Structure formats: structure tokens, C-alpha cells
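J.: Predicted model follows, preceded by the sequence.
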Amino acid sequence: MKTQCLSVLVENRAGVLTRVTNMFARRGYNIESLAVGATQNEAISRITVTILGDTELIDQMTRQLHKLPDILMVRHLTPEDHFSRELVFIKVRANAGNRAEVMQIVDIFRGHITDVSPDTLTVELSGSEEKITALKNMLEPYNILEMVRTGSIAIERGMNTMNVELI
């Protein structure tokens, strides 16, 4: 089993996300990552779902998603045809004695310090799941106080596109 990514264009209406996530839950599949947001057309939202499974599972989920109301388009994004990113905020204990070390680690990962207090630094980083996990592992010795992480968002490479106009 490997991580699979589905990109789903839906009509931007109340209850659509609930129907999509319930479909996965009813079939006993855990969603590893979920991100939802508006597209260039405010009447359409994009749901990016990451699950563990094989191609057969993805084909089944795609067929099931197409049966739901308000679903406009579903695409299985393979690693070759898309790129994805996540965003994370990590609040870490940082005092005068270790602040420079923490800032140097953040700089190596091309992260940004978004908040500073006398006892903490809050770090912002976007990147692949592996990059975010690597930063988290490097900051753990400094005592991570809080972490919040988005789900993965993805878009197809080149001229491949999911562009649907509502009729």
C-alpha cells in the first residue's frame, strides 16, 4: 500500500465535504490528509484527499465519488503528473541560550519565523511531507510545544488541468 492522491472538484455548497468524507468512512477507509479550498471560480471548490491504498482502491473510490451529488470531476494524481505541498506551523521552546540554534535549523529548511516571544519561536514551513517531518525531527530536542499542519494540496504539472465551468 502506498499513498494515493485524489483531486476532486465539487460545487461549493454546504454539506458536500460531509458527503465526501462519509463515503470514505462508510467503506472503512481512513483519510490520511484532507485539504479543501476555493478555486479560481468561487462556485467550485477543490478537495485534495490522500489515502493509503492501491490503484484498485483508487478506481473504486473514483467511481463512488462520481455517484455523489455536486461532484464535478475526480482525478487520481500519480506522482509523475503532479506536485504537492503542505504547510506547518511549529511552536518550539526557544530562549536566549538556544534561539540562534533553532533559527539556524529553520534557515537550513528555508522556513520562516512567524512569531517570537521571550520563550518561544513559531516556525512556518511549506514543502513535501518528508521535508516537514525532517524539520519536526530536528526541532524535537528543543521541545515542540504545539504543531499544526495542513493537509496536502496538489496540482497537475504542465498543461494538464482540472478546469470545470458550471452550466
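T.: Thanks, I have it. Since we're looking at a predicted model, the values are computed, not measured. Numbers count the residues shown, from 1 in each chain.

J.: where are the low-confidence patches of the chain?
T.: For the chain, applying pLDDT under 70 flags the ranges 163-167.

J.: Could you pick out the longest helix of it?
T.: The longest helix of the chain (DSSP state H) is helix 55-67.

J.: what comes into contact with that helix?
T.: Here helix 55-67 makes contact (Cβ atoms under 8 Å, 6 or more residues apart in numbering) with 4, 6, 8, 20, 23-24, 27, 29, 51, 53, 71, 74, 76. For glycine as for every other residue, the C-beta is placed from the backbone atoms N, C-alpha and C.

J.: So which bits of it are buried?
T.: Residues of helix 55-67 classed as buried: Ile58, Met61, Gln64, Leu65 (neighbour count, 16 or more other Cβ atoms under 10 Å).

J.: could you dump these to a markdown table with distance to Met147?
T.: Formatted as a markdown table, those follow (distance: Cβ to Cβ, whole Å):
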| residue | distance to Met147 |
| --- | --- |
| Ile58 | 29 |
| Met61 | 29 |
| Gln64 | 33 |
| Leu65 | 30 |
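
J.: Quickly name whichever of these is closest to Ala43.
T.: Lowest distance from Ala43 to those (Cβ to Cβ) belongs to Leu65, with 18.7 Å.

J.: What spatial separation is found between the residue lying farthest from the centre of the chain and Leu17?
T.: Using Cα atoms, centre = their mean, the residue of the chain lying farthest from its centre is Gly97. It sits 34.1 Å away. The gap separating Gly97 from Leu17 is 45 Å, by Cβ to Cβ, to the nearest Å.

J.: picking up where we left off before, from the contacts of helix 55-67, which land in strands?
T.: Among these, the members found in strands (DSSP state E) are Gln4, Leu6, Val8, Ile51, Gly53, Ile71, Val74, His76.

J.: from what I can see the last one touches Gln4, true?
T.: Yes: between His76 and Gln4 a contact is recorded at 6.8 Å, counting by Cβ atoms under 8 Å.

J.: Can you pick out the residue with more neighbours from the two?
T.: The residue with more neighbours, out of His76 and Gln4, is Gln4; 20 against 15, by other Cβ atoms under 10 Å.

J.: wait, what's in contact with that one?
T.: Each residue near Gln4 by Cβ under 8 Å, 6+ apart is listed here: Thr50, Ile51, Leu52, Gly53, Asp54, Thr55, Leu57, Ile58, His76.

J.: Helix, strand or coil: sort out the residue nearest to Phe109 when sequence neighbours are not counted for me.
T.: Spatial nearest neighbour of Phe109, excluding adjacent residues (Cβ to Cβ, 6 or more residues apart in numbering): Leu135 at 4.7 Å. Classification of Leu135 using DSSP: H, G, I helix; E, B strand; the rest coil returns helix.
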